[in-house]
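Chemist: Sharing a sequence plus its predicted fold:
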Amino acid sequence: MGSAVNAGTKRWLVGEAEQILDRVQGQDGFRDQTSQLRNLVQIVQEESEVSVLRNFIRYQTGRKTTSKFWSLIHKDVIKVLEEIEKNLTGEDLRKAAIQQFFGYLVRHYVYLDKVNRDGRGPGRAQAGGRR
């Protein structure tokens, strides 16, 4: 199967997902946004064209109801998508990497949201992350 993402790429994707969310976890607009990321996971099951995904993320960033959250992460998420597009050859491999990246974003978001709700705060969430 030609669409297997190698271990080094997976480590990079996990690290990027965690860094993006770790940087903004305490900011206004971060909480209660799991559905935003899960929607994107659903979209990338069918769509892996970076220009289309970038367009959707920018749309979400511009919408009144979702702009606070997406304004926190859209530039960094788009940067990772563009890196995937640039560095991974083959549509199947790119699609698999994009799907995994958004899956890692959801997982880390759920973790951070839980830790922050439990009152351990941003510093504790980061320390319990990927280190």
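Modeler: That came through, no problem.

Chemist: contacting residues around the helix or strand in which Asn39 is found?
Modeler: If you go by DSSP states H and E, Asn39 is part of helix 34-46. The set of residues external to helix 34-46 that reach it, using Cβ atoms under 8 Å, 6 or more residues apart in numbering, is 53, 56-57, 60, 66, 69-70, 95, 98-99, 102-103, 105-106, 109-110, 113. (C-beta placed from N, C-alpha, C; glycine too.)

Chemist: Skipping adjacent residues, who's closest to the residue most central in space within the chain in space?
Modeler: Centrality entry for the chain: nearest residue to the mean C-alpha point is Leu105, 3.7 Å, by Cα atoms, centre = their mean. Spatial nearest neighbour of Leu105, chain neighbours left out: Ala17 (4.5 Å); criterion: Cβ to Cβ, 6 or more residues apart in numbering.

Chemist: Would you check that that neighbour makes contact with Phe101?
Modeler: Yes. Ala17 lies in contact with Phe101 (Cβ atoms under 8 Å); the separation is 6.1 Å.

Chemist: Need the overlap of contacts for these two.
Modeler: In contact with both Ala17 and Phe101: Val80, using Cβ under 8 Å, 6+ apart.
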